[in-house]
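Undergrad: have a look at this prediction, sequence included:
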Amino acid sequence: MNFMSFFGKRGESASVAKNRLQILLAHERSDNGTDAALISSLREDILAVVKKHISIDPDAVRLEMDRDGDVTTLGIDIELPGSTRD
Amino acid sequence: MSNATVIVVTSGKGGVGKTTSSAAIASALAKEGYQVCAIDFDVGLRNLDLIMGAERRVVFDLVNVVRGEASIKQALVRDKKLENLYLLPASQTRDKDALTEEGVASVINELRMYFDWIVCDSPAGIERGATLAMRHADEAIIVSNPEVSSVRDCDRIIGLLDAKTIVAEEGKRMPKHLLITRYDIERAKTGDMLDVNDVVDILSVPLIGVIPESRDVLKASNVGLPVTLSDENSPASKAYTEATQRLLGSDVPVTIPSEKKGFLGKLFKGRAA
């Protein structure tokens, strides 16, 4: 890597920076805190549904969002208490 | 009705050169013969006085004026070199909540009667001080380094300029100018730094100037002179002067003055230093 840059290989970090910024800002410009509100209300609802069937720790429900270009994924991770069912 | 133009120098992020740019542009405007007032909105952490070399002559400040403890004329500090350049310092001892919306409005309205240009040096952040600094602006200079966090914060500030200012609330568009500071031509060339076009592309704000990274900026601040007054031949000073010409409506193309002037230039630089 250093060897290559010694011979004048053009750095690419600036174009990575530009890309990251464009993706991030496209999202931030359209978001007015709606993500946070969505995540929080989803979390409440999901928790309520799960609670109807099993008793779980409210802190054991994790929602994660990941944005990559135009695609947003939502991950729901519920830790079930040991051997409630079998 | 006054013809004053209120301009806010803002960035969101700290340390990108708002105060340096405010001082340089205010001085360059004054050199053109305009009546200019620079206001420091960074209540609690004032520094424009230091950059302009006026720190020992500050008696009253913006908070005193807002609270009616001093008149504007008592609080204005006249520049040592330019008699048509004034500073309205921020308070060093109070906190940012000491400013009120009505107080700031009346200060700006009074200043509009005396000055052609009012340059508001915004504090970093997006809280009260920053929103009050931009509130009454007719135009905005957005200062960004060619660096991701700075560009992101500028984008946020642009959103606020289009929402929280009086101009925006009247349904008009806030004229904005992008000033890129601490630019390193060589690093941009080799792809290690966002280049001017990248930043302009991302923020979609017309470019008013590119200030090259320069040792002269620190040297000027050491002695308390805006860089446009300390060394007219410095690349940073030239770039600020050109940016000011554009602010005044001139159509000069954006150049990036460089310290590397070829062999003869280098020779002269070496001798002058």
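TA: Looks like it came in fine.
Undergrad: what about stretch B:5-23 and chain A, touching?
TA: No. Judged by CB under 8 Å from any CB of the partner chain, stretch B:5-23 makes no contact with chain A; its nearest approach is 12.2 Å. Bear in mind the C-beta positions are built from the backbone N, C-alpha and C, glycine included.
Undergrad: B:Ile39 pairs with what?
TA: Beta-bridge pairing for B:Ile39 (DSSP bridges): B:Leu88, B:Cys120.
Undergrad: show me what contacts it?
TA: Taking CB atoms under 8 Å, 6 or more residues apart in numbering or on different chains as the criterion, B:Ile39 is in contact with B:Leu62, B:Leu87, B:Leu88, B:Ala90, B:Val107, B:Leu111, B:Ile118, B:Val119, B:Cys120, B:Asp121, B:Ala133.
Undergrad: name the member of the residues you listed that has the highest neighbour count.
TA: B:Leu87 (30 neighbours; other CB atoms under 10 Å in any protein chain shown).
Undergrad: that residue contacts B:Ala54, doesn't it?
TA: Yes. Counting by CB atoms under 8 Å, B:Leu87 does reach B:Ala54; the two are 5.2 Å apart.
Undergrad: overlap in contacts, those two.
TA: Listed as contacting both B:Leu87 and B:Ala54 by CB under 8 Å, 6+ apart are B:Val77, B:Asp79.
Undergrad: now do B:Leu229 against B:Arg94, distance only.
TA: Relative to B:Arg94, B:Leu229 is positioned 30 Å away (CB to CB, to the nearest Å).
Undergrad: wait, B:Ile39
TA: Distance of B:Ile39 to B:Arg94, computed by CB to CB: 15 Å.
Undergrad: swap in A:Glu79?
TA: 49 Å.
Undergrad: do the same with B:Asn222
TA: According to CB to CB, B:Asn222 and B:Arg94 sit 28 Å apart.
Undergrad: of these two, give the one with the bigger neighbour count.
TA: For the pair B:Asn222 and B:Arg94, the greater number of neighbours falls to B:Arg94 (17 against 9), based on other CB under 10 Å.
Undergrad: nearest residue to the more buried one other than its sequence neighbours?
TA: B:Val63 (5.1 Å; CB to CB, 6 or more residues apart in numbering or on different chains).
Undergrad: just the element for that neighbour, please.
TA: Taking DSSP states H and E as the criterion, B:Val63 maps to helix B:62-66.
Undergrad: which stretches of chain B form strands?
TA: B:5-10, B:36-40, B:77-78, B:85-88, B:117-121, B:139-144, B:176-183, B:207-212 (DSSP state E).
Undergrad: list the helices and strands the longest one packs on?
TA: Think strand B:176-183. On a contact count with 3 or more CB pairs under 8 Å, 6 or more residues apart in numbering or on different chains; DSSP states H and E, strand B:176-183 meets helix B:18-31, strand B:139-144, helix B:148-161, helix B:196-203, strand B:207-212, helix B:235-247.
Undergrad: looking at these, which is buried most?
TA: Among the helices and strands packed on strand B:176-183, ranked by average contacts under mean count of other CB atoms under 10 Å in any protein chain shown, first place goes to helix B:18-31 (a mean of 28).
Undergrad: list the contacts for B:Val199?
TA: B:Ser144, B:Pro146, B:Val151, B:Leu178, B:Ile180.
Undergrad: quick one, what contacts the closest residue to the last one other than its chain neighbours?
TA: Read it as B:Ile180. Of all residues not flanking B:Ile180 in the chain, B:Val210 sits nearest, at 4.8 Å (CB to CB, 6+ apart). B:Val210 makes contact with B:Leu179, B:Ile180, B:Tyr183, B:Val196, B:Ala239, B:Val254, B:Ile256, according to CB under 8 Å, 6+ apart.
Undergrad: 6 Å instead, please
TA: Contacts for B:Val210 (CB atoms under 6 Å, 6 or more residues apart in numbering or on different chains) come out as B:Ile180, B:Tyr183, B:Val196, B:Ile256.
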